[in-house]
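Participant: please find the sequence and the predicted model below.
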Amino acid sequence: MMQELPEARATGELAVIYEELRTTCAVPYVSSLQRHLATMPGCLEYAWALLRPAFVSGLLPETAWRLASMMPVAPLPPLTPEALRLLGVDAAGMQAIRNICDNFVRVAPINLLFAGAVERALEGAEATGEGAAVAWSPPEPLAPMPTMVDLEQAGADLRSVLLGLGTEIGRAPFVPGLYRLLACWPGYLAHVAALLTPLLRSEMARAERAAIASNIMAAADDILAAVLPTDRPPPSAAQAQAIRGAIHTYRVTSSEMIVFGTLLRDALPPEGEEA
């Protein structure tokens, strides 16, 4: 699996950064992109020193959310509570799945804009802003999510379905967290895989998701124009190459999380009809 620094093992400055990411993204976890950067000495510290002002001012999250909300999404067939129960999802499970989708729809656009700004900085784009502080209050954080299914511990069938929804980073298998969380309901995950696999393979659908990612990441220069330069040393050449490789993958998977998280959430019964 892709190397990550788990939240429970973060200490010192990285633990502080993790907490600030959770607060400013208004989600109860740190995304795998940042957990991956944290395994490269100095890299997450550099990125956060540069972009923290755009997070705490709300500029980066609000810009990402605004751009993501502009995308058109063709709906999936709706599911009834009865059909969900046949897939192994009870009323509490429906609420949990809705919350999981909400988490990814909220954080994935931020990850794309964060990745775009880091990538532009690695390419030599300079922070040119005045770094003025702006009062901003993040939204109420979303509820915690269940524990992700460990790919290494999953049974053969479940592992096969998860890998079919995943990709690779640095030749290591990477399965986005959305699918590893939905694997808590294997029958539902099988239904999800049947619906999403054609969309994952469709050239037209991939191009539409790529356009969503590009539209969000294109705002990276606006973010850098609003923050001060940092005196933190930038990543080494080898680290920068590894970061670019991860960002290349995240362009794909984060746009998937926006689109598929929205589609799966909206296919659930309306809130209040879970019983």
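Facilitator: Sure, I can see it. Numbering: from 1, shown residues only.
Participant: helices and strands around whichever helix or strand A240 is part of, which ones?
Facilitator: According to DSSP states H and E, A240 maps onto helix 237-266. With contacts taken as 3 or more Cβ pairs under 8 Å, 6 or more residues apart in numbering; DSSP states H and E, helix 237-266 sits against helix 32-37, helix 91-122, strand 167-169, helix 177-182, helix 186-201, helix 203-217. Backbone N, C-alpha and C define where each C-beta goes, glycine included.
Participant: tell me which residue is most central in this structure.
Facilitator: A108 (3.5 Å; Cα atoms, centre = their mean).
Participant: look up how far S214 lies from G272.
Facilitator: 37 Å (Cβ to Cβ, to the nearest Å).
Participant: out of these two, which sits in the busier spot?
Facilitator: Using other Cβ atoms under 10 Å as the criterion, G272 and S214 rank with S214 on top: 13 against 6.
Participant: residue contacts, the more buried one?
Facilitator: Counting by Cβ atoms under 8 Å, 6 or more residues apart in numbering, S214 touches R251.
Participant: apply 6 Å and report the result again.
Facilitator: With contacts taken as Cβ atoms under 6 Å, 6 or more residues apart in numbering, S214 has no neighbouring residues.
Participant: need the pLDDT of the nearest residue to C101 once chain neighbours are set aside.
Facilitator: Closest residue to C101 apart from its sequence neighbours, by Cβ to Cβ, 6 or more residues apart in numbering: R265 at 3.6 Å. Confidence at R265, expressed as pLDDT, is 96.
Participant: can you dump the C-alpha coordinates of stretch 144-162 into PDB?
Facilitator: Extracted as PDB, the C-alpha positions of stretch 144-162 are listed here (Å, rounded to 0.1, in the frame of the first residue of the first chain):
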ATOM      1  CA  PRO A 144     -16.600  10.700  12.500                       C
ATOM      2  CA  MET A 145     -16.600   7.800  10.000                       C
ATOM      3  CA  PRO A 146     -16.200   4.100  10.700                       C
ATOM      4  CA  THR A 147     -12.700   2.500  10.500                       C
ATOM      5  CA  MET A 148     -11.500   1.800   6.900                       C
ATOM      6  CA  VAL A 149     -11.200  -1.800   5.900                       C
ATOM      7  CA  ASP A 150      -7.600  -2.800   5.900                       C
ATOM      8  CA  LEU A 151      -6.800  -4.000   2.300                       C
ATOM      9  CA  GLU A 152      -4.200  -6.500   3.600                       C
ATOM     10  CA  GLN A 153      -6.700  -8.000   6.000                       C
ATOM     11  CA  ALA A 154      -9.700  -8.200   3.700                       C
ATOM     12  CA  GLY A 155     -11.000 -11.500   2.400                       C
ATOM     13  CA  ALA A 156     -10.100 -12.500  -1.200                       C
ATOM     14  CA  ASP A 157     -13.400 -11.400  -2.700                       C
ATOM     15  CA  LEU A 158     -13.600  -8.100  -0.900                       C
ATOM     16  CA  ARG A 159      -9.900  -7.300  -1.700                       C
ATOM     17  CA  SER A 160     -10.500  -8.100  -5.400                       C
ATOM     18  CA  VAL A 161     -13.500  -5.700  -5.600                       C
ATOM     19  CA  LEU A 162     -11.500  -3.000  -3.800                       C
END
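Participant: no further questions, thank you.
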